[in-house]
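> Generate coordinates for the sequence data below:
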Amino acid sequence: MFKQKTPLPFLYWVITGIFVLLFIYLLVKLFPIYRVILAFLWHLFAPFIIAGLIAYLLYPIVKKINSYHIPKGLAILLIYLVFFGSSGYAIYRIYPAMIHQLSDLQAQLPQLIQMYQDLVYQLYEYTSFLPEVVHDKMDHLIAGMETRVENLVGKAVNGFTKVFDMIVFLTVIPVLVFYFLKDFTRIKDYIKKWIPVKYHRDGSDLCAKIDKSLGDYIRGQLIVCFFVFLATYIAFQLLHIKYALLLAIIMGLTNIIPYFGPIIGAVPAVAITLTMSAKLIIFVLIAVFVIQLIESNLLSPYIVGKSIAIHPIAIIFALLLGGELGGVIGMIVAVPVLTILKVVVSHVMAIRMMKQQR
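The predicted structure is shown next:
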């Protein structure tokens, strides 16, 4: 007689999936309620989170230098000076130019909007055969886009010109990074004290797997994004595109978002180029396409590689959920969070299988 397979495992996963979907649904619906609390917590813990991330990315370099019998304190000082020295110099060179381009863009915005309105009127003429309802929808859409662009540029200028807050922010982070790097081992040992001894081995294995997968992904993405920024800036300068630095920074930052990032980053470049020359749009699109071709086929496979090994459907779902909850920031952190969850779930399932085999 053949033993019938019990349906309990299947029911277990179905019920788990239903609860996960319900949790996500409630998370999205209740977001306006806890948004204020999250905003307060973000402003409070943002320096610690950013400093912790920088220390996490720099610690392997400190560890490598220390392996050559160079004292850890000296290794930290060297990395500290090189990293923050180069970052400070880059900010010193880029920040004023970026503020100038943002201010100029805000000043030129009425003219740009007028040019877009002229283009819209031409579009109306070409689509005069369509019902009036379609034109009303187009008016509503364009008016909404104008308002959003004005608000976005205004917020960007105000955000970058909050000098005092920026100085405090940039002053606190280097200090925190130094202490995170200096006391990295002590912090790790302190955290281990709060974890039961029987979980130390499994916890160490889990952290090592997360570090391998997440660390390689973040470091690789930063290198690739820097290439996209630099290549875009050079290409736009050669094409004499307005606000080349600003557009290149947007392209580099949005490239962190898989799949959607290049499209999001290309939209402002196309919109600005459209006000200059229709012929230039073709060259801008070719430049963006070539840069993304190099990034996706040459750089990402070798630098980022298969560090996350997650199916594209799962990544797209995480990006959409992150965008719904936190906008662009949510889309940026979606893949790292998904990577951590994937490693945790895989590790837990592996432990369960080992226990069942025993």
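> any low-confidence regions in the stretch 151-300 of the chain?
151-170 (pLDDT under 70).
> Tell me which stretches of it form helices.
Ranges of helices within the stretch 151-300 of the chain are 163-182, 184-193, 200-238, 244-254, 261-274, 278-294, 300-303, based on DSSP state H, counting those that start in this stretch.
> how distant is stretch 29-42 from the center of its chain?
20 Å (C-alpha atoms, centre = their mean, to the nearest Å).
> So what touches that stretch?
Residues from elsewhere that reach stretch 29-42, judged by C-beta atoms under 8 Å, 6 or more residues apart in numbering: L325. C-beta coordinates here come from the backbone N, C-alpha and C atoms, glycine included.
> Report the buried residues of it.
Within stretch 29-42, no residue counts as buried by 16 or more other C-beta atoms under 10 Å.
> for stretch 325-332, same thing?
325-326, 330-332.
> Mind telling me what element V335 is part of?
Assigned by DSSP states H and E, V335 falls within helix 312-357.
> Could you identify which of the helices of the stretch 151-300 of the chain is most buried?
Highest mean neighbour count of those: helix 244-254, a mean of 21 (counted as mean count of other C-beta atoms under 10 Å).
> In PDB, list the C-alpha atoms belonging to it.
Provided in PDB are the C-alpha atoms of helix 244-254 (Å, rounded to 0.1, in the frame of the first residue of the first chain):
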ATOM      1  CA  ALA A 244      24.400  68.000 -17.000                       C
ATOM      2  CA  LEU A 245      25.700  67.600 -13.400                       C
ATOM      3  CA  LEU A 246      22.200  67.500 -11.900                       C
ATOM      4  CA  LEU A 247      20.900  65.100 -14.400                       C
ATOM      5  CA  ALA A 248      24.000  62.800 -14.100                       C
ATOM      6  CA  ILE A 249      23.500  62.700 -10.300                       C
ATOM      7  CA  ILE A 250      19.800  61.800 -10.800                       C
ATOM      8  CA  MET A 251      20.800  59.000 -13.200                       C
ATOM      9  CA  GLY A 252      23.500  57.700 -10.800                       C
ATOM     10  CA  LEU A 253      21.200  57.700  -7.800                       C
ATOM     11  CA  THR A 254      18.200  56.200  -9.500                       C
END
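> So which residues make contact with it?
94, 97-98, 101-102, 105, 225-226, 228-230, 232-233, 236-237, 241, 261-262, 264-266, 268-269, 272, 288, 291, 328.
> What of stretch 77-87?
54, 58, 61-62, 65, 70, 174, 177-178, 181.
> I'd like those residues laid out as a markdown table, including distance to M276.
Supplementary listing: those in a markdown table, determined by distance: C-beta to C-beta, whole Å:
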| residue | distance to M276 |
| --- | --- |
| I54 | 38 |
| L58 | 41 |
| I61 | 43 |
| V62 | 47 |
| I65 | 48 |
| I70 | 52 |
| P174 | 40 |
| V177 | 42 |
| F178 | 46 |
| L181 | 46 |
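> Go through the residues you listed and name the one nearest P301.
I61 (23.6 Å; C-beta to C-beta).
> who's in contact with that closest one?
I61 neighbours (C-beta under 8 Å, 6+ apart): I79.
> Next: A271.
Contacts of A271 by C-beta under 8 Å, 6+ apart: none found.
> go on, L280?
239, 241, 273.
> again, 6 Å this time
Counting by C-beta atoms under 6 Å, 6 or more residues apart in numbering, L280 makes contact with T273.
> Quick one: the helices of the stretch 151-300 of the chain as JSON lines, columns for distance to P47 too.
Below are those laid out as JSON lines (distance: least, C-beta to C-beta, whole Å):
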{"stretch": "helix 163-182", "distance to P47": "5"}
{"stretch": "helix 184-193", "distance to P47": "16"}
{"stretch": "helix 200-238", "distance to P47": "19"}
{"stretch": "helix 244-254", "distance to P47": "20"}
{"stretch": "helix 261-274", "distance to P47": "26"}
{"stretch": "helix 278-294", "distance to P47": "33"}
{"stretch": "helix 300-303", "distance to P47": "29"}
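> how much space between S213 and F184?
20 Å (C-beta to C-beta, to the nearest Å).
> er, I49 I mean
16 Å.
> if we can go back for a sec, kindly calculate the angle that the helix holding V335 makes with helix 261-274.
Orientation check (axes from the mean of the first three to the mean of the last three C-alpha atoms, to 10 degrees): helix 312-357 against helix 261-274 gives 170 degrees.
> what pLDDT, on average, does helix 312-357 get?
Helix 312-357 shows a mean pLDDT of 78.
> chain center to that helix: distance?
The answer for helix 312-357 is 15 Å, by C-alpha atoms, centre = their mean.
> repeat for stretch 264-281
Using C-alpha atoms, centre = their mean, the offset of stretch 264-281 from its chain centre is 23 Å.
> Send me it as PDB with only the CA atoms.
Output of stretch 264-281 as PDB, limited to C-alpha atoms (Å, rounded to 0.1, in the frame of the first residue of the first chain):
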ATOM      1  CA  ILE A 264      13.100  57.100 -13.800                       C
ATOM      2  CA  GLY A 265      16.500  58.700 -14.300                       C
ATOM      3  CA  ALA A 266      16.100  59.100 -18.000                       C
ATOM      4  CA  VAL A 267      12.700  61.000 -17.800                       C
ATOM      5  CA  PRO A 268      14.200  64.300 -16.400                       C
ATOM      6  CA  ALA A 269      17.000  64.200 -19.000                       C
ATOM      7  CA  VAL A 270      14.500  63.700 -21.900                       C
ATOM      8  CA  ALA A 271      12.200  66.400 -20.500                       C
ATOM      9  CA  ILE A 272      15.100  69.000 -20.200                       C
ATOM     10  CA  THR A 273      16.400  68.000 -23.700                       C
ATOM     11  CA  LEU A 274      13.000  68.400 -25.200                       C
ATOM     12  CA  THR A 275      13.100  72.100 -24.400                       C
ATOM     13  CA  MET A 276      16.400  72.500 -26.200                       C
ATOM     14  CA  SER A 277      16.100  70.500 -29.400                       C
ATOM     15  CA  ALA A 278      14.000  67.600 -30.600                       C
ATOM     16  CA  LYS A 279      17.000  66.200 -32.500                       C
ATOM     17  CA  LEU A 280      19.100  66.100 -29.300                       C
ATOM     18  CA  ILE A 281      16.600  63.700 -27.700                       C
END
